[in-house]
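[1] What follows is a predicted structure for the sequence shown.
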Amino acid sequence: MPLKDGDIVTLDYEGRTDGILFDTTLEKVAKKEDALVENRKYAPITVIVGEGRLVPGFENDLKKAKVGKVTEIKIAPEDAYGPRDTKLIETMSVSKFRRTCPDAKGFVGEELNIEGRPAILANVYGSRVRIDFNPGLAGKELVFKYTVKSIVKKPVDVIRALFSMEYPADDEFDVKIEKGIAQIKLPERTKFDVNWFQAKYRVVAAIRKNTDVTDIEFLEHYEGTKPEKKTETKKKTSKAKKTKSKAKK
């Protein structure tokens, strides 16, 4: 039975271009191809079918997928990250580049962030540099091999999946639903992560849209100061004093 819009699924995938792995959810594949990303947690991703979070070619093929079946697809640039746009390649002086990107190493292919825009240092020649603001995979044919692992249906699991989709967190967290109210005990990370403030509204919107809960409650836990235990000190009578008093008699 094919998937339909609104289904929440988990899937594993390998993505390649020109035969080179550019992304995967499988740690063993990343290790095999010497592409392991340090500190990354490799695990299936959660996707809402039809929501448009995947490139169009992948999204369209996903609707025909079956749980547990390995599928391989080729996606043309037009259905992936689009063709390369020469208007998104800018030239600037080395001195301006140094002022704009003071922490840059300056090697060709370096990933940059210029005023909030991701870019790549495309070329360095003389006193000029070329900055490419095209997506890194623009103009590339992509090959994906993927497997839908499961369709998430249990309400508690749906909320947990939606939360993790909008706010990836390695910490375990509890979810309960009582009388239509979803109670989410927040992961420890949210206490000190400035990104949680904005992510919270995305989590709420996703849960409202994809579940029937009437209310959402976020629970934070902080340990209070525990009172010190009172220790009773018994008066000890010295045997030496007792002996001394008897001697006086």
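    Structure's in. What do you need?

[2] pLDDT score for residue 237?
    With respect to pLDDT, residue 237 scores 51.

[3] so where do the helices sit in the protein?
    In the chain, the segments counted as helices under DSSP state H are 27-32, 56-62, 94-100, 155-166, 196-210, 239-248.

[4] Between these, which one is closest to residue 146.
    Smallest distance to residue 146 across the helices of the chain (CB to CB): 7.8 Å, for helix 56-62. The C-beta positions use only the backbone N, C-alpha and C, and glycine is treated the same way.

[5] In space, what's closest to residue 7 - neighbours in sequence excluded?
    Sequence neighbours aside, residue 49 is the residue nearest to residue 7 in space, at 4.4 Å (criterion: CB to CB, 6 or more residues apart in numbering).

[6] Can you pull the domain assignment for the chain?
    Annotated domains of the chain cover 1-82+138-152, 86-132, 154-222 [automatic domain parsing].

[7] Among these, which comes closest to residue 228?
    Minimum separation from residue 228 across the domains of the chain (CB to CB) falls at domain 154-222, 19.2 Å.

[8] So for that closest one, first residue to last residue, what's the gap.
    Domain 154-222 has an end-to-end distance of 29 Å (criterion: CA to CA, to the nearest Å).

[9] who touches the nearest residue to residue 50 once chain neighbours are set aside in this structure?
    Of all residues not flanking residue 50 in the chain, residue 5 sits nearest, at 3.2 Å (CB to CB, 6+ apart). Applying CB atoms under 8 Å, 6 or more residues apart in numbering to residue 5 gives the contacts 49, 50, 63.

[10] Any chance of JSON lines for the residues you listed, columns neighbour count and pLDDT?
    Converted to JSON lines, the contacts of residue 5 look like this (neighbours: other CB atoms under 10 Å; pLDDT from 0 to 100):
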{"residue": "49", "neighbour count": "20", "pLDDT": "95"}
{"residue": "50", "neighbour count": "15", "pLDDT": "92"}
{"residue": "63", "neighbour count": "13", "pLDDT": "91"}
